[in-house]
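Enquirer: take this sequence and fold it.
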Amino acid sequence: MKTNPQINQLIKILKEKARQEEAPLWRNLAKRLEKSTRSQAEVNLSRINRYTSDDEIVLVPGKVLGSGAMDHKVQVAALDFSKQAEDKIVSAGGKCLDIPLLLEENPKGSGVKIIQ
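Expert: Numbers count the residues shown, from 1 in each chain. From the prediction side, this is the model:
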């Protein structure tokens, strides 16, 4: 069991949304977030840049780090962003979202790509 109450709450919300919307993406994300903090994803911008194209929505079940460059705009939702990563995503025309906001904007989880 996680000790961070926000993550526990988020996991609960994700499982509920997965049931309501019949969206397996949210259940998958909840399972990933239940893993130990040490095995949580830390993804560099270079990886996001490599595996995405313009205007895609990306979900990182962990932290986005600022190593690398962004040459197109993407919406990135993650648990956390380094300051440098946030600056680079925004300057490339993209958006940084927290996971509950993405859940609100896209309840079915359609078109979302998980990168870890």
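Enquirer: mind exporting the longest helix along the chain as CSV, just the C-alpha atoms?
Expert: Counting residues, the longest helix found in the chain (DSSP state H) is helix 5-21. What follows is helix 5-21, C-alpha atoms only, in CSV (Å, rounded to 0.1, in the frame of the first residue of the first chain):
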residue,chain,number,x,y,z
PRO,A,5,-2.5,9.8,0.2
GLN,A,6,-2.8,11.7,-3.1
ILE,A,7,-1.6,8.7,-5.1
ASN,A,8,-3.9,6.4,-3.3
GLN,A,9,-6.8,8.7,-4.0
LEU,A,10,-5.7,9.0,-7.7
ILE,A,11,-5.6,5.1,-8.0
LYS,A,12,-9.1,4.9,-6.5
ILE,A,13,-10.4,7.5,-9.0
LEU,A,14,-8.7,5.8,-11.9
LYS,A,15,-10.2,2.4,-11.1
GLU,A,16,-13.6,4.0,-10.7
LYS,A,17,-13.4,5.8,-14.0
ALA,A,18,-12.2,2.6,-15.7
ARG,A,19,-15.4,0.8,-14.5
GLN,A,20,-17.7,3.7,-15.4
GLU,A,21,-16.3,4.4,-18.8
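Enquirer: what sits up against it?
Expert: 1-2, 23-27, 29-30, 33-34, 79, 99-100, 103, 107-109 (C-beta atoms under 8 Å, 6 or more residues apart in numbering). Quick note: C-beta positions are derived from backbone N, CA and C, even for glycine.
Enquirer: also stretch 92-110?
Expert: Contact with stretch 92-110 is made by 10, 13-14, 17, 20-21, 23-26, 29, 57, 59, 64, 70-79, 81, 85-86, 89-90, 112, as judged by C-beta under 8 Å, 6+ apart.
Enquirer: just the strands from the chain, written as ranges.
Expert: 41-44, 57-65, 75-81, 95-98, 112-114 (DSSP state E).
Enquirer: in TSV: these, plus mean pLDDT.
Expert: TSV is the format used below for those (pLDDT from 0 to 100):
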stretch	mean pLDDT
strand 41-44	93
strand 57-65	95
strand 75-81	95
strand 95-98	95
strand 112-114	94
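Enquirer: Throw those into CSV and include distance to R50, thanks.
Expert: Shown next, in CSV, are the strands of the chain (distance: least, C-beta to C-beta, whole Å):
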stretch, distance to R50
strand 41-44, 10
strand 57-65, 11
strand 75-81, 14
strand 95-98, 18
strand 112-114, 12
